[in-house]
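Student: Next come a sequence and a model predicted from it.
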Amino acid sequence: RMVWGAGIVGRGTGGVRTLVVSTRRQAEDAEGKEEPPVFAEIRAEVEGNKCVLFMKGTVNAPQCGFSKAVVDIFNAEGVPREAVRDVNVLADDSLRQGIKQYSDWPTIPQIYINGEFVGGCDIVYEMYRNGELSPLLREAGLVVHSAEEEE
Amino acid sequence: PVYQAIERKLTEAFRPLRLVITDESHLHAGHAGNPSGDPDAETHFRVELVSAEFACKNPVQQHRLVYGVLREELAGPVHALALKTKP
């Protein structure tokens, strides 16, 4: 069954929105129940980008304290801004509800690294605090240690 | 009432060694989750929970357990729930 679908995906820098129009065959799970179309979008995001941050606002302009906390932590860890694919759930309500179902997680922000759900703000903060986050980011290739001194 | 429901449900489900519930709604007054800034809003909570139920579970699993118990509140008035869990 072919379905014409349109989705609006919020972009980070520059506040540019991209209208995506695509044909989509609706995915069916083993029981023949159709999964929500937005799941395909979400899957494309988390599988197509090393680090995805589903958040309120953008990395340049977070609109919620919890989302901002994650951005601040990534900055503190030295993750380059371009390495983070931010998805603004405030720009698309079907995405906002869809990501909660997809992850089986009721709150925003949500962090995905290499296609895997890492956690929300509290978990990432705790990992940052106890030193677990640095090695995870390094192994994912999200931080690069340079021999040069920073200016 | 929301505070009491959270306290009751978490106590019953987890028999916590430590349970601290803070209503942080007033900190978010004027934001989308608490637009009225009403002192009785009960929209944003912070929960600290230590329970044997969390043994051998990673943080994501621990948080999922808590979210499951508070599913109704999260589908209703509670807009944000900050969690700190420990086995």
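Tutor: Cool, the structure landed. Residues are numbered from 1 along each chain as shown, chains lettered A, B, ... in the order given.

Student: quick one, what contacts the residue lying closest to A:Ile73 once chain neighbours are set aside?
Tutor: Nearest-residue entry for A:Ile73: A:Tyr128, 4.9 Å, with adjacent residues in sequence omitted and distances by CB to CB, 6 or more residues apart in numbering or on different chains. Heads up, the C-betas are built off the backbone N, CA and C, glycines and all. By CB atoms under 8 Å, 6 or more residues apart in numbering or on different chains, A:Tyr128 lies in contact with A:73, A:76-77.

Student: and A:Tyr128, backbone torsions?
Tutor: Here is the backbone geometry of A:Tyr128 (degrees, to the nearest 10): phi -60, psi -40.

Student: Around chain A, which positions in chain B sit nearby?
Tutor: B:28, B:31, B:59-60, B:63-64, B:67, B:71, B:74-75, B:80-84 (CB under 8 Å from any CB of the partner chain).

Student: Let me see the ranges of the helices in chain A.
Tutor: Assigned by DSSP state H, the helices in chain A fall at A:38-48, A:65-76, A:93-103, A:121-129, A:133-139.

Student: Ok, chain B next?
Tutor: Under DSSP H, chain B gives helices at B:2-14, B:59-69, B:71-75.

Student: Could you list the low-confidence segments of the chain?
Tutor: Chain wasn't specified; assuming chain A. Regions of chain A meeting the criterion pLDDT under 70 cover residues A:1-33, A:145-151.

Student: hm, I was asking about chain B
Tutor: Using pLDDT under 70, chain B drops low at B:32-34, B:37, B:39.

Student: I'd like to know how far B:Ala52 sits from chain A.
Tutor: Remark: distance between B:Ala52 and chain A (CB to the nearest CB, to the nearest Å) = 19 Å.

Student: Against chain B, how distant is A:Arg43?
Tutor: Per CB to the nearest CB, A:Arg43 is found 19 Å from chain B.

Student: Burial check on that residue, number of neighbours?
Tutor: Residues lying near A:Arg43 (other CB atoms under 10 Å in any protein chain shown) number 14.

Student: Name the nearest residue to it, sequence neighbours excluded.
Tutor: A:Tyr102 (7.8 Å).

Student: and the one you found, what does it touch?
Tutor: With CB under 8 Å, 6+ apart, A:Tyr102 has these contacts: A:38-39, A:42-43.
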